[in-house]
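Trainee: Let me see the structure of the following:
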Amino acid sequence: MRHLVSRSALVLVALLVVGCAATIGDINLRPDKYYQEKMKVTGRITRTQRIDGDTLLELADGREHRLLVRAAGPVTQAIGDWVKVTGVLVPEARVGGQVLYDVLVAEDISGTGAPWFDNLT
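Mentor: Numbers count the residues shown, from 1 in each chain. Have a look, this model is predicted:
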């Protein structure tokens, strides 16, 4: 019984920690709430495009919410890879002569595994 209680407590703490981070779905609902804030977002790369030295990524979470990410230079990750992106959400960014809205300007992109409970993101 004691072992079951400690596991339940661990799962609850893990869910609370996950619940504190902004998700792609949260950002899509109220992007203005996150403008100019540094954040970390986890998602799967669904599309990439090189434009004038930058790379434009489209990330999707487990529920297929989408977010555009602008990275300076090339990225080593490929379509289908799960990544963690650290950056600043901006209301608009110019990429290759086009103005895009609600873009996460990446400072760091690193590979990560798929979330355990990807339908909770």
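Trainee: from here on, contacts and neighbour counts on C-alpha atoms
Mentor: Noted.
Trainee: Surely residue 51 touches residue 97?
Mentor: No: the criterion here is C-alpha atoms under 8 Å, and residue 51 misses it with residue 97 at 9.3 Å.
Trainee: Of the two, give the one with the bigger neighbour count.
Mentor: More crowded of residue 51 and residue 97, by other C-alpha atoms under 10 Å: residue 51, with 15 against 9.
Trainee: give the contact list for residue 55.
Mentor: For residue 55, the contact set (C-alpha atoms under 8 Å, 6 or more residues apart in numbering) comprises 48-49, 70-75.
Trainee: quick check, it in a helix?
Mentor: No: going by DSSP: H, G, I helix; E, B strand; the rest coil, the assignment for residue 55 is strand, not a helix.
Trainee: now it, nearest residue through space, not along the chain?
Mentor: Of all residues not flanking residue 55 in the chain, residue 71 sits nearest, at 5.1 Å (C-alpha to C-alpha, 6 or more residues apart in numbering).
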